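J.: need coordinates for the below:
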Amino acid sequence: MRPAILILLSALPIAGGQLTPERLRYPDRPGTFLKGLHQSAVTGAPYSWQNQQDTSFEHWQKRARKRLRELIGLNQMEKNLADFQPSVRMQPEKIVTQDGHSWHRAKGVLRPEPEVEIPFWMLTPVNNGITQRPLAICAHGHDTDGWNTYAGVYRDNQHRDTTLAKDGDIAVQAVKQGYVCLVPATRGLAAAAAIPDLNGRHGNRACRAQLIHSLLAGRTAIGERVWDVQRLLDWALENLIQIDRSRILMTGNSGGGVLTAYTAALDERVTVAIPSCSFTAATSRTGYVFHCDCCVVPGLQSELGGFPELGGLIAPRALLTVHGKKDGLHSHDDVQRAMAHVEQLFRAAGGESHFLFQWGEQGHQFYPERMWPFVTREFDID
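T.: Numbers count the residues shown, from 1 in each chain. Coordinates of the predicted model:
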């Protein structure tokens, strides 16, 4: 079996019913305004591939990636944190056994900047003579206990049953297949890594409070989350000698899928990206916004041309996107439109054989039956 590195993430609550075209239609006057607003932004975006085709694809990627770093605030964070050294401390591990599989589980804490602590789980297969293994970094989305959910650390039987019913124990699935897994609490989403929304000023949403604080400081919430994942990945590649550095898989559902897309677009160490129930247009043709407020990156459309352009920054590395047919958070037509654009970008990069889009039969959840065969193929795992 050949190794890999996996980054895994989570989800928003599911809205009731399908997002049909009727539900995405605004009244006439605001509808006309929003349609023109977003379409003009996308059409005139100076860093979109469509407006950069007088250069090579690789040159476009470098320019667009540099601009994206600026937009999400990573440059600002690097400037502010130039004198700070991120660190990790680990607690003693224990052995967990389930369904004939055994692994070590230990809790760690990442300190990505002063006064910020990101707890995480590390799951490691019991050594059976394999010297190098896949690494799974699993960062959840809108689940206040998501890092525990992914690692199979349940509050009670109901938590366990709900998770398993939707194949949400993605890190446990990975460690059973031989991956080393890191499962961090996601900043602004996990209760263990959130700033309180005092007096409910931001709608009693910790993720929205994070967004406002970050924007005022020249950052974005997504930028802070990418920063955390990259610092954890830095630590893993430097300290976990059993990891195969050439194989990095990142995956996540919903808000975690959004984080997967941004991290893979910006960090070329990621070999395979699998955003689940998340990779779509930022807005519908009518101007409806699909992702949570905390995923907003100012200028994404007017500078890069929109969310699907991230696929071009991942290409020709491997990308699998999966959506649920019964997912009430996304629009079938807009997903198809976004996927057609990503396919064009992969073709321009010469990597069309490494892009795949599939529909799952259920709703807003992981689809391991789609995910793991793709990973196995891309990593040539026996």
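J.: and the helices in the stretch 251-382 of the chain, which stretches?
T.: Using DSSP state H, counting those that start in this stretch, the helices of the stretch 251-382 of the chain run over 255-266, 309-314, 332-349, 368-379.
J.: pick the most buried one from these.
T.: Comparing the helices of the stretch 251-382 of the chain by mean neighbour count (mean count of other Cβ atoms under 10 Å), helix 255-266 comes out on top with a mean of 29. Backbone N, C-alpha and C define where each C-beta goes, glycine included.
J.: can you pull the contacts of H323?
T.: Shown in contact with H323 (Cβ atoms under 8 Å, 6 or more residues apart in numbering): 276-277, 279-280, 330, 335, 357, 359-360.
J.: oops, could you answer that again for P184 instead?
T.: Going by Cβ under 8 Å, 6+ apart, P184 touches 110, 118-120, 137-139, 147, 228-229, 232.
J.: tell me the spacing between it and A265.
T.: Separation of P184 from A265 (Cβ to Cβ, to the nearest Å): 19 Å.
J.: M371 contacts L320, doesn't it?
T.: Yes. Contact between M371 and L320 holds when scored by Cβ atoms under 8 Å: they sit 6.7 Å apart.
J.: where do the contact lists of those two overlap?
T.: I274.
J.: report the next helix or strand after the helix or strand harbouring K79 in sequence order.
T.: In this structure, K79 sits in helix 74-80 according to DSSP states H and E. As assigned by DSSP H and E, the chain's next helix or strand after helix 74-80 is strand 87-90.
J.: how near is T220 to L74?
T.: Taken as Cβ to Cβ, the span from T220 to L74 is 9 Å.
J.: those two: who's more crowded?
T.: T220 (26 against 21; other Cβ atoms under 10 Å).
J.: isn't that one right up against I72?
T.: Yes. Between T220 and I72 there is a contact under Cβ under 8 Å: 4.8 Å.
J.: any residues in contact with both of those two?
T.: V297.
J.: one step back: now render the contacts of H323 as JSON lines, adding pLDDT.
T.: Formatted as JSON lines, those follow (pLDDT from 0 to 100):
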{"residue": "S276", "pLDDT": "92"}
{"residue": "C277", "pLDDT": "91"}
{"residue": "F279", "pLDDT": "93"}
{"residue": "T280", "pLDDT": "92"}
{"residue": "H330", "pLDDT": "88"}
{"residue": "V335", "pLDDT": "92"}
{"residue": "F357", "pLDDT": "96"}
{"residue": "W359", "pLDDT": "95"}
{"residue": "G360", "pLDDT": "93"}
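J.: now, which of these lie within strands?
T.: In strands, judged by DSSP state E, the following of those are found: 276, 357, 359-360.
J.: measure how far the lengthiest strand in the chain is from the centre of its chain, please.
T.: Using DSSP E, we find that the single longest strand of the chain is strand 101-113. Remark: strand 101-113 is offset 19 Å from the chain centroid, using Cα atoms, centre = their mean, to the nearest Å.
J.: what does stretch 326-337 give?
T.: 18 Å.
J.: OK, contacts around D334?
T.: Listed by Cβ under 8 Å, 6+ apart, the contact partners of D334 are 280-281, 284-285, 290.
J.: before we move on, what about N204?
T.: So N204 contacts D197 (Cβ under 8 Å, 6+ apart).
J.: grab the nearest non-local neighbour of S102.
T.: V126 (4.6 Å; Cβ to Cβ, 6 or more residues apart in numbering).
J.: burial measure for that neighbour, as a count.
T.: By other Cβ under 10 Å, 12 other residues sit near V126.
J.: pLDDT at it, what is it?
T.: Note on V126: pLDDT of 91.
J.: does V42 touch S48 like I think?
T.: Yes. Between V42 and S48 there is a contact under Cβ under 8 Å: 7.4 Å.
J.: overlap in contacts, those two.
T.: Contacts common to V42 and S48, judged by Cβ under 8 Å, 6+ apart, are 305-306.
J.: before we move on, back to that, so the residue nearest to S102 is in contact with I95, correct?
T.: Yes. The pair V126 / I95 is scored as a contact, 7.0 Å apart, by Cβ under 8 Å.
J.: now do the buried residues in stretch 242-255.
T.: By neighbour count with 16 or more other Cβ atoms under 10 Å, stretch 242-255 contains the buried residues 243-244, 247-255.
J.: can you put these in JSON lines and add pLDDT and distance to A171?
T.: Below are these laid out as JSON lines (pLDDT from 0 to 100; distance: Cβ to Cβ, whole Å):
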{"residue": "I243", "pLDDT": "93", "distance to A171": "15"}
{"residue": "D244", "pLDDT": "92", "distance to A171": "18"}
{"residue": "R247", "pLDDT": "88", "distance to A171": "17"}
{"residue": "I248", "pLDDT": "89", "distance to A171": "15"}
{"residue": "L249", "pLDDT": "90", "distance to A171": "12"}
{"residue": "M250", "pLDDT": "92", "distance to A171": "13"}
{"residue": "T251", "pLDDT": "86", "distance to A171": "10"}
{"residue": "G252", "pLDDT": "90", "distance to A171": "11"}
{"residue": "N253", "pLDDT": "91", "distance to A171": "12"}
{"residue": "S254", "pLDDT": "90", "distance to A171": "16"}
{"residue": "G255", "pLDDT": "92", "distance to A171": "16"}
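J.: that's all I had, so thanks and see you.
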